[in-house]
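Q: Here's a sequence, model it:
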Amino acid sequence: MSAQTTWIEAFIGLGSNLDHPVQQLSDARRAIAGWAGINEIAFSPLYSSKPVGPQDQPDYVNAVMKIGTDLPALDLLAALQQIENTHGRVRNQRWGARTLDLDVLLYDQQIIQLPQLIVPHPEIPNRAFVLYPMADIAPVDLLLPGFGRLADLLVACPAEGLQRIKA
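A: Next comes the predicted model:
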């Protein structure tokens, strides 16, 4: 990277409930941090959560990763999708079980509305499994464009069913 490179801070949501989820997240973390144009800044503790959608699937393991990147948002999304595919991600049921789910949650303070990418992720305010891990690695006064401060979102979204996994 040259001295003129502009780094963007972004937050990535990670989730898995198939094929050794803790290991899936660990491997995904290494893959993301090893991608050209991405540097890991922080990684949250792991959390266990009930699935959203169909309940006839295992609980999820979730985390949030803060990165610095010089990749444009769509290139970051493409990198994450390639990592998901490498981990055997199959997209055949909305909110179904998956080996790995990687979402761009925030991309600096930008609001992005594209068919393939909406940032901030539209479900952030409703997802304890995103908000609480994010709060572990971000300042509580972090502004989520269009949604408000992280601290206020935490108050409005109880951590019911969310458990921190002891390392």
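
Q: contacts for stretch 40-53?
A: 9, 17, 22, 25, 29, 32-33, 57-68, 94-97, 127-129, 132-134, 136-138, 161-165, 167 (CB atoms under 8 Å, 6 or more residues apart in numbering). C-beta: built from backbone N, CA, C; applies to glycine.

Q: Kindly recompute the last result at 7 Å.
A: Stretch 40-53 has contacts (CB atoms under 7 Å, 6 or more residues apart in numbering) with 17, 22, 25, 29, 33, 57, 59-68, 94-96, 128-129, 132-134, 136-137, 161-165.

Q: out of these, which are inside strands?
A: Per DSSP state E, strands hold the following members of those: 60-68, 163-164.

Q: which stretches of this structure have low pLDDT?
A: The chain contains residues with pLDDT under 70 at 1-5, 53-55, 88-97, 167.

Q: what do you get if the cut-off is 80, keeping everything else the same?
A: Scanning the chain with the threshold set as pLDDT under 80 gives 1-5, 52-57, 87-99, 167.

Q: Next one: the closest residue to residue 110 other than its chain neighbours from residue 48, what distance?
A: Nearest residue to residue 110, sequence neighbours excluded (CB to CB, 6 or more residues apart in numbering): residue 119, at 6.4 Å. Counting by CB to CB, to the nearest Å, the separation of residue 119 from residue 48 is 26 Å.

Q: Of the two, which one has the most company?
A: The neighbour count for residue 119 versus residue 48, taken as other CB atoms under 10 Å, is higher for residue 119 (25 against 18).

Q: beta partners of that one?
A: Residue 119 forms beta bridges with residue 112, as assigned by DSSP bridges.

Q: Report the buried members of the contacts of stretch 40-53.
A: 17, 25, 29, 57, 60-67, 128-129, 132-134, 137, 162 (16 or more other CB atoms under 10 Å).

Q: Only the buried residues of stretch 10-19, if you could.
A: 10-18.

Q: Which of those sits closest to residue 107?
A: Proximity of the buried residues of stretch 10-19 to residue 107 (CB to CB) peaks at residue 10, which lies at 4.8 Å.
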